[in-house]
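Trainee: build me a model from this:
(one chain, ligands or ions: 1)
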Amino acid sequence: RTVFVNGEYLPETEAKVSIFDRGFLMADGVYEVTSVLDGKLIDFDGHLKRLERSLNELGIQKPAEFDDLLEIHRKLVADNGIEEGMVYLQITRGSPGDRDFVFPDPETTRPTLVLFTQNKPGLADNPVAKQGIKVISIEDIRWGRRDIKTVQLLYPSMGKMMAKKAGCDDAWLVEDGFVTEGTSNNTYIVKGGKIITRNLSNDILHGITRAAVLKFAREAQMEVEERPFTIEEAQGAEEAFFTSASAFVMPVIEVDGVKVGEGKVGPVATRLREIYLDESRKAGI
Ligand code: PLP
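Mentor: Got it, this is the predicted structure:
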């Protein structure tokens, strides 16, 4: 596999980053994951806009312009023969050559830019989406700037492990009695045919797939309400699902051991998944 590190395309075994990189020592970095369908990038503009926002919020310099980043994405997809899969991009504050809590001078320390691809044949036709998945709820003890897509993923990773241990697939995070989001996705329920999902704030990541799915839902005359909901409300809902760039729209059939609706994949999630896949394939670049 060819990867990209700081201006160079290299075989993955030859790619290197300093041990003083602040991404490695302090999780001082941000990332994006863009999915690839039919060899094309899905929602690329949205991912790049959010990347710029994450960088601005943390005061990390942008290491390359939009057009350059698009070209790097495209070259890696082509060189690695990716038809379905994703491109991972990470930017950290770089390696000042020593460990220090104080941010290094941006004049002397350049950000580190890393990209690699992941080949995932069958991503769109994922059989799991036809069965639905089960989730547990856990307390959301992450920091207060979840709107920034940082590489601090230890707690979400622990949440996934807790879910696995409980025989489930993912964990929904709960703060002050309300679901914030999933470990790596935005969460939804359906009540009276209406799609309910938490409103945007610093409490959740502003999902690119969320924005697209809500737009398609409204265009299809489906009702949408943006507000927090509880685990009890999810358990009593007709349907539940989540969205992310790598899972698209994923039905959830059980929450903390309680079946949602009839415990089967519902029509709203099914329809939204179809619309999202159709529309984003057409718009892929
Ligand atoms: N929320 C969290 C915490 C995430 O990590 C992600 C994706 O990685 C999402 C939501 C979904 O965002 P997107 O649709 O842009 O992939």
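
Trainee: number of nearby residues for K165?
Mentor: Counted with other C-beta atoms under 10 Å, residues neighbouring K165 total 9. Backbone N, C-alpha and C define where each C-beta goes, glycine included.

Trainee: return the residues in contact with it.
Mentor: For K165, the contact set (C-beta atoms under 8 Å, 6 or more residues apart in numbering) is empty.

Trainee: over to F24?
Mentor: V17, S18, T92.

Trainee: just the buried subset of those, please.
Mentor: Among the contacts of F24, those classed as buried by 16 or more other C-beta atoms under 10 Å are V17, T92.

Trainee: keep only those of the contacts of F24 that are in strands.
Mentor: Taking DSSP state E as the definition of strands, these contribute T92.

Trainee: got the contacts of F24 as CSV, with pLDDT columns?
Mentor: Listed next are those as CSV, based on pLDDT from 0 to 100:
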residue, pLDDT
V17, 97
S18, 97
T92, 98
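
Trainee: ok, the contacts of F24 vs the ligand, which is closest?
Mentor: Nearest to the ligand among these, counting by C-beta to the nearest ligand atom, is T92 at 17.2 Å.

Trainee: spell out which residues of the chain are next to the ligand.
Mentor: Neighbours of the ligand within the chain, by C-beta under 6 Å from any ligand atom: 33, 181, 184-186, 205, 207-210, 243-245.

Trainee: again, 5 Å this time
Mentor: Residues of the chain lying near the ligand by C-beta under 5 Å from any ligand atom: E181, S184, N185, N186, L205, G207, I208, T209, S244, A245.

Trainee: and the second one, how far from D100?
Mentor: Computed with C-beta to C-beta, to the nearest Å, the distance linking S184 and D100 is 31 Å.

Trainee: for these two, indicate the residue with more neighbours.
Mentor: Ranked by neighbour count (other C-beta under 10 Å), S184 and D100 place S184 first, with 20 against 12.
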